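Trainee: based on what follows, work out the 3D shape:
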Amino acid sequence: MDIALIALILGVVLGAFILIPRVGKSAHTNKASKASNSKASKSYSKTEIALHNRRTDCWIIIKDKVYDVTSYVEEHPGGDAILVHAGDDSTEGFYGPQHATRVFDMIDDFYIGDLQK
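Mentor: Okay, the predicted model is just below:
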């Protein structure tokens, strides 16, 4: 009886560890999707984006989308590498081999609009 109770409790705990990350990821994806949809109507010129080229005001372009990454600059694992293309196109650097796949999920949180064509 004691072994069955312990096995049941252990199963519930392990099941929670397996399910919780999936629920969290799903919630993150929905949040990012809503953020992208609500801000998609704004577009910025390259001239306007170029003004945001500092550590305290950092915008980047990735595949014709504009991201305000100012709040992430200090957390960037690559240090000041994020500032190399501040106010400019960072597509090539963003898709470089140094980035883990999680950055592709994170970037949507910083989306503010599209590049004017």
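Trainee: which parts of this protein are strands?
Mentor: Here the chain has its strands, by DSSP state E, at 43-44, 53-54, 57-62, 65-68, 111-115.
Trainee: buried residues, the longest one. List them.
Mentor: Under the neighbour-count criterion of 16 or more other C-beta atoms under 10 Å, strand 57-62 has 58-62 buried. Yep, even glycine has a C-beta here, placed from its N, CA and C like the rest.
Trainee: picking that back up, compare the strands of the chain and give me the one nearest residue 6.
Mentor: strand 111-115 (47.4 Å; C-beta to C-beta).
Trainee: tell me the angle that closest one makes with strand 57-62.
Mentor: If you take axes from the mean of the first three to the mean of the last three C-alpha atoms, to 10 degrees, strand 111-115 sits at 60 degrees to strand 57-62.
Trainee: now this structure, which segments are flagged as low pLDDT?
Mentor: 4-5, 7-41 (pLDDT under 70).
Trainee: which residue ranges of it form helices?
Mentor: For the chain, applying DSSP state H gives helices covering 2-39, 46-50, 91-94, 102-106.
Trainee: who touches the second one?
Mentor: This means helix 46-50. 59, 61, 66, 87-88, 115-116 (C-beta atoms under 8 Å, 6 or more residues apart in numbering).
Trainee: try it again with 10 Å
Mentor: Under the criterion C-beta atoms under 10 Å, 6 or more residues apart in numbering, residues 44, 59-61, 66-68, 86-89, 112-113, 115-116 lie in contact with helix 46-50.
Trainee: hmm, back to that, how about the buried residues of strand 57-62, which pair is most distant?
Mentor: Checking these with C-beta to C-beta, the most distant pair is 58 and 62, at 12.9 Å.
Trainee: can you list residues touching both of the two?
Mentor: 69, 85, 110.
Trainee: rewinding a little: nearest to residue 102, of the contacts of helix 46-50?
Mentor: residue 67 (15.5 Å).
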